[in-house]
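Colleague: here is my input, please return the structure:
(2 chains)
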Amino acid sequence: MNQEYRVEDKVMAKHHPELDILTEHAAGSLSLAQTACVAAHLNYCHCCSQTVSRLQAVGAAMFESLDPEPVGDALLDRVLARLDEEAPLSYQPARRSGQDATPALLSRLMAGDFSDLVWKKVTDALRITPIRTGDPQFEFSLLHIKAGGEIPPHDHRGSEMTLVLQGGFSDDRGSYHPGDFIYRSANDVHAPRAFADEDCLCLAVIDAPLRFTGWKYRWMNPFLRLQAG
Amino acid sequence: MDEKTGTSRDQGDVAKTIPTGRRTDEWSECLVLIANKQDRAAYTRLFRHFAPLIKAFALSGSALSATHADELVQEVMLKIWQKAGGFNPEKAAASTWVYTIARNCRTDMFRRLNKFDTPLAAEDFSPDQEHEEPFMQLQSRRSADRIREMMKNLPADQTQIIAKVYMEGKSHAEAASELDLPLGTVKSRVRLAVQKMQAQFEVSQESR
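Modeller: This is a model prediction of the structure:
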């Protein structure tokens, strides 16, 4: 695991979600799988976390400016009557151990370690394992690319969010390290290649199956199905 | 409910009178009283202020029925009672803390109503308050007032869209199709509005 990308060291990722994605995240209007991916990036990126708290404060200001809807005393009484059974909880927020760079949210979803997952081979270099989030529209999966391996040129019929977890990869637009967040819209063709010295582990959220564009792999397209849910 | 005074504010650099005149900190004090003393009077004050806002939030864009809106009010208010111990007035404005709980509960309610089968609750996606920097957050209490001011001066087309995104919980794509606008237009309006409001934070940090 890359030491230099630890959250505690506050080393920033270099590729970030755009402001509109962060706004949707802060407003709670992203789909579940996408919001999980953005939340995982925030885990690595202090700067985006700060932006999100500001965006939440914007939401709070709007919330406070709403025209209040009258709430009857009956409702207040009902709530007051329940306070005894719902005593305030007193606790210190759990501290993250700092030993593990894997976002806590992701660990929960995986219910285990990367090695406990069932990896499906797509090409020699690429293995995928879908993770269940309950999102009916978006597939949330982990991608494993062998060191130096390339994913054949492909596009997406929908959007793709990617977060690098370990190792890294590069494509025609740049190179990406742990914590880096990449968003591609539909019809954006790219051919990511993992760094030569380390296997690459990524989180990917897509709403349509990828589609290989090269003749060599095109035959596989009908077999690539979205595994949302 | 709003005292139109605004005189209790003693922050010299925020010279403008805030029309609503609320002492923002009243709600932080209530939360602390609830956490430390289980103070029901403070809780009742908080309820009378926030419950009508939570209900309005629930009903925004007729997202929820009246029955579900009342259910949401109860759920959020009970969460506030339970979680008050986790509120840190040094780090967050009470309104942001309450809004975040309301937003999470509403998202969870949407998912329940749509029969989502998910192991996650919306609050699992929020980073821990402990990670927040006190400096920025202290500013944000004053900034909240400035943002509210600012919002009144936004062009109507921007206000309409950010209300859809924030208060109705619509994605940019959903907002675009409801308003019959290109997605790019929606995105740039949201960005313009949000950048203007965000800029209020930078202003307040410089004026320190």
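Colleague: neighbours of the residue lying closest to residue A:132 once chain neighbours are set aside, just the number please.
Modeller: The spatially closest residue to residue A:132, leaving aside those adjacent along the chain, is residue A:229, at 6.3 Å (C-beta to C-beta, 6 or more residues apart in numbering or on different chains). Placement of C-beta: from N, CA and C, glycine included. If you count neighbours by other C-beta atoms under 10 Å in any protein chain shown, residue A:229 ends up with 17.
Colleague: how far away is residue A:36 from residue A:28?
Modeller: 13 Å (C-beta to C-beta, to the nearest Å).
Colleague: more neighbours: the two, which one.
Modeller: Legend: neighbour count by other C-beta under 10 Å for residue A:36 and residue A:28, higher for residue A:36 (28 against 23).
Colleague: pLDDT at the more buried one, what is it?
Modeller: If you check residue A:36, the pLDDT there is 93.
Colleague: thought it was touching residue A:132?
Modeller: No: the criterion here is C-beta atoms under 8 Å, and residue A:36 misses it with residue A:132 at 11.4 Å.
Colleague: name the residues contacting each of these two.
Modeller: Counting by C-beta atoms under 8 Å, 6 or more residues apart in numbering or on different chains, the shared contacts of residue A:36 and residue A:132 are A:109, A:140.
Colleague: just checking, the residue nearest to residue A:132 touches residue A:134?
Modeller: Yes: between residue A:229 and residue A:134 there is a contact at 6.7 Å, judged by C-beta under 8 Å.
Colleague: and chain B, what are its domains?
Modeller: Annotated domains of chain B cover B:1-132, B:140-208 [automatic domain parsing].
Colleague: can you lay out those as CSV showing distance to chain A, mean neighbour count and mean pLDDT?
Modeller: Converted to CSV, the domains of chain B look like this (distance: least, C-beta to the nearest C-beta, whole Å; neighbours: other C-beta atoms under 10 Å in any protein chain shown; pLDDT from 0 to 100):
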stretch, distance to chain A, mean neighbour count, mean pLDDT
domain B:1-132, 3, 18, 80
domain B:140-208, 4, 18, 82
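Colleague: a markdown table for the ones you listed, including distance to residue A:197?
Modeller: A markdown table is the format used below for these (distance: least, C-beta to C-beta, whole Å):
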| stretch | distance to residue A:197 |
| --- | --- |
| domain B:1-132 | 31 |
| domain B:140-208 | 38 |
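Colleague: which secondary structure element is home to residue 76?
Modeller: No chain was given, so I picked chain A. Taking DSSP states H and E as the criterion, residue A:76 maps to helix A:73-82.
Colleague: meant chain B, my bad for not saying
Modeller: helix B:66-83.
Colleague: and the helix or strand following that helix with helix B:66-83, angle?
Modeller: Using DSSP H and E, the helix or strand that follows helix B:66-83 in sequence is helix B:94-113. Between helix B:94-113 and helix B:66-83, the angle comes out at 130 degrees (axes from the mean of the first three to the mean of the last three C-alpha atoms, to 10 degrees).
Colleague: dump the C-alpha coordinates for helix B:94-113 into CSV.
Modeller: Only the C-alpha atoms of helix B:94-113 are listed here, as CSV (Å, rounded to 0.1, in the frame of the first residue of the first chain):
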residue,chain,number,x,y,z
ALA,B,94,-26.4,24.0,14.4
SER,B,95,-28.4,24.6,11.3
THR,B,96,-25.9,22.7,9.1
TRP,B,97,-25.9,19.9,11.6
VAL,B,98,-29.7,19.7,11.7
TYR,B,99,-30.0,20.1,7.9
THR,B,100,-27.5,17.2,7.4
ILE,B,101,-29.6,14.9,9.6
ALA,B,102,-32.8,15.9,7.8
ARG,B,103,-31.2,15.3,4.4
ASN,B,104,-30.0,11.9,5.5
CYS,B,105,-33.3,10.8,7.0
ARG,B,106,-35.1,12.0,3.9
THR,B,107,-32.8,10.1,1.6
ASP,B,108,-33.3,7.0,3.7
MET,B,109,-37.0,7.4,3.6
PHE,B,110,-37.0,7.8,-0.2
ARG,B,111,-35.1,4.6,-0.4
ARG,B,112,-37.4,2.8,2.0
LEU,B,113,-40.4,3.9,0.1
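Colleague: show me what that helix is packed against.
Modeller: Secondary-structure packing of helix B:94-113 (3 or more C-beta pairs under 8 Å, 6 or more residues apart in numbering or on different chains; DSSP states H and E): helix A:46-64, helix B:25-37, helix B:40-59, helix B:66-83, helix B:134-152.
Colleague: okay, now residue A:223: neighbour count?
Modeller: Residue A:223 has 8 nearby residues by other C-beta under 10 Å.
Colleague: how near is it to residue A:134?
Modeller: Distance of residue A:223 to residue A:134, given as C-beta to C-beta: 25 Å.
Colleague: next: residue A:180.
Modeller: Applying C-beta to C-beta, the value for residue A:180 to residue A:134 is 26 Å.
Colleague: neighbour-wise, which of the two wins?
Modeller: residue A:180 (24 against 17).
Colleague: tell me the pLDDT of the more buried one.
Modeller: 96.
Colleague: find the nearest non-adjacent residue to it, please.
Modeller: Nearest residue to residue A:180, sequence neighbours excluded (C-beta to C-beta, 6+ apart): residue A:15, at 4.0 Å.
Colleague: does the one you found touch residue A:178 like I think?
Modeller: No: with contact defined as C-beta under 8 Å, residue A:15 does not reach residue A:178; the gap is 11.0 Å.
Colleague: more neighbours, those two?
Modeller: residue A:178 (22 against 19).
Colleague: correct me, but that one touches residue A:168?
Modeller: Yes: using C-beta under 8 Å, residue A:178 makes contact with residue A:168 at a distance of 6.9 Å.
Colleague: helices along chain A, start to end?
Modeller: A:19-27, A:32-44, A:46-64, A:73-82, A:104-110 (DSSP state H).
Colleague: tell me which of those helices sits nearest to residue B:105.
Modeller: Closest approach to residue B:105 among the helices of chain A is made by helix A:46-64 (12.8 Å; C-beta to C-beta).
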